[in-house]
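[1] below: sequence and its predicted model.
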Amino acid sequence: MLPDNSLDKPTPVEIVETKAKDGVQDKLKPVNYFVKIGNINVYGFEKLPPFIKEPLRERYGKFYQKRRWHLISDILLLFIIIESIIITSHLVTHQDAYLILTIGRYPIISWQTGQVKEIKPAIKQELILPRTGIINQGEAITIKIMVDNTTELDWQAVELTSQLAGQNLKFQIGQGNLTIKQDVLPTKQTLANELTINNIQIDSAELSITSQLTFVAADKSYTVVSPPLIVKVSSTLDLTAQAKYYTAEGDQLGFGLLPPRVNQTTSYWLIWQLQNGSNDLTNVSVSGILPEQVTFTGKSSVNSGQGIEYNPETRTVSWKINQLPKQAAAQAGLEVAITPLSNQLNTSPPLLTKIKATADDAYTGKTIEKTADDVTTALNDFGNNGELGRVTQ
């Protein structure tokens, strides 16, 4: 009779749960889970492949069933192993990885697989004056530029440069420097530059201020450029006023005696010229006051806007333009007549006084005012001697 070889086969381990009933341990169904929350089977043995299921079921029977803290410690250990694999894979596959451990401000462990991947510090540009962000030609601004080193590295060879841009820009440095340099900017420190720009002259509607930072960190050079800080610039408005008896070609405009004589009437043409700057202008108005012995003949000519208006009560002549585009010019002329008085003998009497132009800047919203000198009988046509402009007997 052959021996029963089945006795040599290992008996499968059947993990069961038991409960006491009347002092007797009853055998329950085999356990089919190893992680269970309430009635929910989160991780079950039947879902695992065979080469994992049997060893895990055996480990459950030896450790987890009686000491559940074994299961918790194994789960934590497994999590740590998986996390370590992920971190290691990232550091190996990313050449620009950097690791540093510090106590306070002082590094104790420093390691890197390559250079620091990217450092992009923010350059803060703040307009101190004027707070409105709008200036007129010839005015000044004060700006503050700041950079915070928020990294864990000291920066070497630090240089902060500010640049102003605009069409036909001219200015003067009042305080500070456009460029400041510092050998080292330690971590968690700030580099600041306060700058005053005086007498700004520009042909464009905006003054753009941009700052550039250069430095070296971890043996790598960096260059960072700030977004532009924009300052609005109100337009210019040039006004000229003059009297004409002849045209530039020599044609006669005026009528009467020249030089003018006491109690004799001589007429002239008064010419207003406007030249706009960088922005569109609205509500443009030019005005002047006629002296007592000067009258408006009613003749006028304009190439833009409304015709010349005269207010006899205030003796004011005015010219209005609804809109004057940027870089545009406009001209108006009106005829006036003067009858000099005896007390004006050997003088050049005024033909128009208190000449003023006003306009609203459509871009900045500011009101622009411009004045011109009084216009007299001392004509520009004949140079500076003015002999033909002096009243004779």
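    Sure thing, it's come through. Residues are numbered from 1 along each chain as shown.
[2] what values do phi and psi take at residue 243?
    Per-residue torsions, residue 243: phi -100, psi 140 (degrees, to the nearest 10).
[3] got it, and residue 80?
    Phi and psi for residue 80, reported as degrees, to the nearest 10, are phi -60, psi -40.
[4] number of residues surrounding it?
    The number of residues packed near residue 80 is 10, by other CB atoms under 10 Å. The way it works is simple: take the backbone N, C-alpha and C, and place the C-beta from them, glycine included.
[5] how's the chain carved up into domains?
    For the chain, automatic domain parsing gives the domain ranges 23-90, 123-233, 237-389.
[6] all strands of the stretch 201-350 of the chain, in order?
    206-217, 220-225, 229-233, 237-244, 255-256, 266-276, 281-289, 294-302, 309-311, 316-324, 329-338, 350-361 (DSSP state E, counting those that start in this stretch).
[7] tell me which of these sits nearest to residue 180.
    Of all the strands of the stretch 201-350 of the chain, strand 206-217 sits nearest to residue 180, with 10.3 Å by CB to CB.
[8] partner strands of that closest one and their direction?
    strand 155-165 (antiparallel), strand 220-225 (antiparallel), strand 229-233 (antiparallel) (DSSP bridges).
[9] need the mean per-residue confidence for the helix or strand encompassing residue 79.
    Element membership for residue 79, per DSSP states H and E: helix 68-93. Average pLDDT, helix 68-93: 72.
[10] again with stretch 232-241
    Stretch 232-241 comes out at a mean pLDDT of 96.
[11] list the buried ones in it?
    232, 233, 234, 235, 236, 237, 239, 241 (16 or more other CB atoms under 10 Å).
[12] distance to residue 80 added to the strands of the stretch 201-350 of the chain, as a markdown table?
    Putting the strands of the stretch 201-350 of the chain into a markdown table (distance: least, CB to CB, whole Å) gives the following:
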| stretch | distance to residue 80 |
| --- | --- |
| strand 206-217 | 32 |
| strand 220-225 | 33 |
| strand 229-233 | 50 |
| strand 237-244 | 75 |
| strand 255-256 | 107 |
| strand 266-276 | 74 |
| strand 281-289 | 72 |
| strand 294-302 | 88 |
| strand 309-311 | 90 |
| strand 316-324 | 74 |
| strand 329-338 | 80 |
| strand 350-361 | 67 |
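[13] name the residue closest to the centre of the chain, please.
    Central residue of the chain (CA atoms, centre = their mean): residue 229, 3.5 Å from the mean position.
[14] I'd like to know how far that one sits from residue 147.
    14 Å (CB to CB, to the nearest Å).
[15] how about residue 270?
    According to CB to CB, residue 270 and residue 147 sit 58 Å apart.
[16] then residue 174?
    According to CB to CB, residue 174 stands 22 Å off from residue 147.
[17] turn the strands paired with strand 206-217 into JSON lines, columns for distance to residue 389.
    Converted to JSON lines, the strands paired with strand 206-217 look like this (distance: least, CB to CB, whole Å):
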{"stretch": "strand 155-165", "distance to residue 389": "46"}
{"stretch": "strand 220-225", "distance to residue 389": "59"}
{"stretch": "strand 229-233", "distance to residue 389": "39"}
